[in-house]
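S.K.: Sharing a model prediction with you, sequence too.
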Amino acid sequence: MINKPSPHALQELLPPLTVNEAITESARCIMCFDAPCTHACPTHIDIPKFIKKISTGNLLGSARTILESNLLGATCARVCPVQELCEGACVLGSEHKPIAIGRLQRHAMDNLKGNKIDIFHPANSTGKKVAVVGAGPAGLSCAGELAKLGHSVTLYEKRELGGGLSTYGIIVLREPIEVALTEVAMIQRLGVRIEIGKEIGIDPTVADLQENFHAVFIAIGLGHTRALEIPGEEYVLDGLEYIERSKLEPSQLRVGRNVIVIGAGNTAIDCATLARRLGAERVTMIYRRTEKEMTAYPHEYDFVKREGVTFRFLVQPTKVHHENGGVKALECVRMTLGDPDCSGRPFPKPVPGATMLLRADQIVKAIGQNKTSLISTLNLKTEGGFIHINSDFETSSPGIFAGGDCIRARGSASTVMAVQDGKLAARSIHQRLVNHG
């Protein structure tokens with residue numbers, strides 16, 4: 001194993017814009033009426049408005065415009081797939097270069113952080129108490145929005161740090177841990193009380209929450225990485241833990257010379273990027289379907305190829321070969337695609353006798369997450385293993401609402417969608433508390 005990264009290996013990929021760069025870029029925006037970029041943003045930030053304020057030097061006003069729609073504006077400026085959303089909808093993108101909306105949003109939000117300015121402050125108390133379970137993007141968004149409206153909010157988080165995947169599961173190249181923790185601190189300054197080391201169903205129980213609070217919002221995300229269910233899997237590293245170690249204990253992360261990453265989603269690409277940046281001589285991503293069926297964003301796929309990562313498609317692991325406690329190779333079988341499965345993608349089938357051995361000294365899996373087992377203990381109606389909600393984000397149990405990845409039975413899960421869930425759920429909870437007490 002080696003771990004000799006360059007000094008810049010784990011710095012943010014894109015440097016911050018200078019003042020002149022931000023003003024020049026913002027001046028390119030043509031301030032569309034009924035702007036497509038705003039419609040493409042899941043939180044519907046008034047993008048022309050915040051960009052106009054940057055062009056006039058009003059960074060505080062720009063940040064306010066962003067935060068009015070998205071309390072996690074600093075995170076989303078970094079991790080949103082802007083190429084697929086706001087920048088992808090930019091009218092300048094068809095014939096020219098789209099406005100760098102994500103970097104401009106980061107410019108406004110970083111100014112706020114650097115000057116330690118709070119846009120919002122706790123409102124007068126309504127006397128109503130709300131419990132929020134899970135301090136990821138959905139939970140933080142909901143808690144902050146409710147606090148802005150004057151409700152007393154207690155946020156329960158089972159881990160030591162708030163922020164969810166923004167803190168633990170997004171590589172530093174995209175979001176440094178300090179950005180996520182700064183947003184957690186901002187939510188706390190709104191008056192939200194965060195209780196760490198608390199897991200719903202154990203401490204507190206659902207009954208405890210229903211008895212002591214007027215409403216509950218569940219934002220527990222997803223569970224552990226799925227199992228490969230192959231011999232030798234105990235020698236395969238969990239992709240989310242791989243990323244977490246790189247953020248919390250980078251000096252303790254050991255990277256192989258010849259690394260295989262199993263999976264073809266955005267997390268798998270992050271793992272491959274980490275390995276490559278931290279000194280792996282060869283990184284290979286393997287996927288049981290083809291390039292066409294990858295769940296990673298196209299721009300992420302292009303990026304990781306430029307990093308020097310190679311791909312083996314139509315390959316599925318069958319066994320990990322190990323010796324003296326270390327990985328030696330990954331045995332695989334070649335696949336062919338059949339009829340579409342429930343995901344709408346062609347179902348991969350093994351080709352009899354078409355086995356191969358891929359040499360490796362480290363294997364990482366990033367093949368998606370299971371639904372958290374906690375869902376089954378909540379006694380709530382589910383849909384495909386996810387919590388079922390109505391149009392108001394209310395579950396089958398009156399007074400209990402839910403949002404984020406734990407409800408994402410359809411569509412793709414993302415940070416910005418979780419933030420929007422939390423915001424909309426907060427509005428529904430507020431209306432319930434105001435109208436029904």
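M.R.: Structure received. Numbers count the residues shown, from 1 in each chain.
S.K.: Can you give me the buried ones in stretch 342-360?
M.R.: Neighbour counts over stretch 342-360 (16 or more other C-beta atoms under 10 Å) mark 346, 348, 350, 358, 360 as buried. For glycine as for every other residue, the C-beta is placed from the backbone atoms N, C-alpha and C.
S.K.: so can I have JSON lines of the residues you listed showing distance to residue 222?
M.R.: Listed next are the buried residues of stretch 342-360 as JSON lines, based on distance: C-beta to C-beta, whole Å:
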{"residue": "346", "distance to residue 222": "25"}
{"residue": "348", "distance to residue 222": "23"}
{"residue": "350", "distance to residue 222": "28"}
{"residue": "358", "distance to residue 222": "28"}
{"residue": "360", "distance to residue 222": "27"}
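S.K.: Considering the residues you listed, which is situated nearest to residue 264?
M.R.: Nearest to residue 264 among those, counting by C-beta to C-beta, is residue 348 at 11.8 Å.
S.K.: Look at that closest one and report its pLDDT.
M.R.: At residue 348, the pLDDT value in this model is 95.
S.K.: quick one: it and residue 314 touch, right?
M.R.: Yes - using C-beta atoms under 8 Å, residue 348 and residue 314 qualify as a contacting pair, with a distance of 7.2 Å.
S.K.: Helix or strand next in line after the lowest-mean-pLDDT helix or strand in the chain, which one?
M.R.: Scoring the helices and strands of the chain by mean pLDDT, DSSP states H and E places helix 374-377 at the bottom, with a mean of 80. Scanning the chain past helix 374-377 towards its C-terminal end, the next helix or strand to appear is strand 382-383 (assignment: DSSP states H and E).
S.K.: Name the residues that touch the least confident helix or strand of the chain?
M.R.: 199, 200, 201, 220, 223, 382, 385, 386, 387, 406 (C-beta atoms under 8 Å, 6 or more residues apart in numbering).
S.K.: okay, now the fifth one: neighbour count?
M.R.: In other words, residue 223. Burial of residue 223, expressed as a neighbour count using other C-beta atoms under 10 Å, amounts to 15.
S.K.: Kindly provide the distance from it to residue 319.
M.R.: Computed with C-beta to C-beta, to the nearest Å, the distance linking residue 223 and residue 319 is 25 Å.
S.K.: same thing with the fourth one?
M.R.: As for residue 220, its distance to residue 319 is 34 Å (criterion: C-beta to C-beta).
S.K.: Then the last one?
M.R.: Applying C-beta to C-beta, one obtains 33 Å for the distance of residue 406 from residue 319.
S.K.: do the first one as well
M.R.: According to C-beta to C-beta, residue 199 and residue 319 sit 35 Å apart.
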